[in-house]
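> sequence and predicted model, in that order:
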Amino acid sequence: SNLLAGKNILIMGVANDRSIAWAIAQSCAAQGARLAFTYESERVEERVRKLAEAIPGSIVLPCNVTVDAEIETLAASLREHFGVLHGYAHSIAFAKGEELEGMFVDTSRDGFALAHDISAYSLVAVTKRIYPLMTEGGSIMTMTYLGSERAMKNYNVMGVAKAALEASVRYLAADLGQYNIRVNGVSAGPIRTLAAKGIKDFNSILRQVEERAPLRRTTETAEVGDTAMFLLSPLARGITGEVIYVDGGFNIVG
Ligand code: 0WD
């Protein structure tokens, strides 16, 4: 229970207590990490602060990932509070509701750009400003989904953004390996969160997993949190540029 003792970890993407980022935070805190949380806007600030209070020693900072200046301020605050950063969990995605139903072919230019900006480029934009703080080496992880590889109903532009995110994981891993900084993704099975509410027919997706996944059940956030924690810990020191599935094995069946 001490895998992350003395480690400072940035967690982005807590929206409420069902957020995958919150499960990642709990798994990391259980291993002794010191955490920094961010919130997108004042709309969610209070909720994030309330949750963070449950983890002693953690700090809460603003950062909307679509604004470079906010990311720069975040990096400066992290330098001030922590000095050295060891880990970063990126658990952020967004697409307009109307892009997550119907046909992918109907995706608008600005809907495509927005989904890619928030869901894929944000990993690059934040990594660019925080990797200089990882002077003792580090580990970066992000959240992805099988819709990056398969054309899944209603996932549409988000699947294309996840493909860009996974490719970004590989390019960032290739860049930053020389500094002993690892970059990986976790591909989770469907979980009922705020983000999942935006996807049409989510219930039938969950039902398919219960029927067809080797483990015959849906994925729990705590399982994703534990795998993220593993990737952020020294136990995963030989792993980089990888996407690990935490989906009850769903991706291996036809
Ligand atoms: O089934 C699922 N829930 C899966 C989710 C399966 C596989 C992967 N994922 C991914 C998502 O695509 C996302 O990358 O996991 C990540 C976390 O998603 P979540 O925990 O399912 O969803 P949620 O609790 O809504 O957290 C996503 C958060 C946002 O929440 P809201 O609902 O307020 O949009 O991403 C954050 C925000 O907190 N976010 C932003 N943060 C900073 N700047 C921004 C932004 N511009 N936009 C969204």
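That came through, no problem.
> going forward, measure contacts between C-alpha atoms and count neighbours the same way
Noted.
> partners of the helix or strand encompassing T142, with directions?
Using DSSP states H and E, T142 falls within strand 138-144. Next to strand 138-144 in the sheet, as set by DSSP bridges, lie strand 87-90 (parallel), strand 181-188 (parallel).
> and the ligand, which of the ones you listed is closest to it?
Closest approach to the ligand among these (C-alpha to the nearest ligand atom): strand 181-188, 4.2 Å.
> just the CA atoms of the helix or strand following the closest one, as PDB, please.
Using DSSP H and E, the helix or strand that follows strand 181-188 in sequence is helix 194-197. Output in PDB follows, covering the C-alpha atoms of helix 194-197 (Å, rounded to 0.1, in the frame of the first residue of the first chain):
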ATOM      1  CA  LEU A 194     -21.900  11.600 -16.800                       C
ATOM      2  CA  ALA A 195     -20.000  11.300 -20.100                       C
ATOM      3  CA  ALA A 196     -21.800   8.000 -21.000                       C
ATOM      4  CA  LYS A 197     -25.100   9.800 -20.600                       C
END
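> close to the ligand, is the following helix or strand past helix 194-197?
Using DSSP H and E, the next helix or strand after helix 194-197 towards the C-terminus is helix 202-212. No. Counting by C-alpha under 6 Å from any ligand atom, the ligand has no neighbours in helix 202-212; the shortest distance is 8.7 Å.
> change the start of the numbering to 532 and stick with it
Let's use 532 as the start, then, which means that last one is helix 733-743.
> and the very next helix or strand once past helix 733-743, what does it pack onto?
For helix 733-743, the following helix or strand on the C-terminal side (DSSP H and E) is helix 752-763. With contacts taken as 3 or more C-alpha pairs under 8 Å, 6 or more residues apart in numbering; DSSP states H and E, helix 752-763 sits against helix 551-561, strand 618-621, strand 669-675, strand 712-719, strand 774-777.
> now the fourth one: how far from the chain's centre is it?
Meaning strand 712-719. 9 Å (C-alpha atoms, centre = their mean, to the nearest Å).
> please apply the same query to the third one.
Here strand 669-675 shows a centroid-to-chain-centroid distance of 7 Å under the convention C-alpha atoms, centre = their mean.
> what's the angle between that strand and helix 752-763?
Here the directions of strand 669-675 and helix 752-763 differ by 150 degrees (axes from the mean of the first three to the mean of the last three C-alpha atoms, to 10 degrees).
> quick one: is the helix or strand just after strand 669-675 near the ligand?
Counting by DSSP H and E, the element after strand 669-675 in chain order, helix or strand, is helix 687-707. No. Contact of helix 687-707 with the ligand (C-alpha under 6 Å from any ligand atom) is absent, the minimum separation being 7.7 Å.
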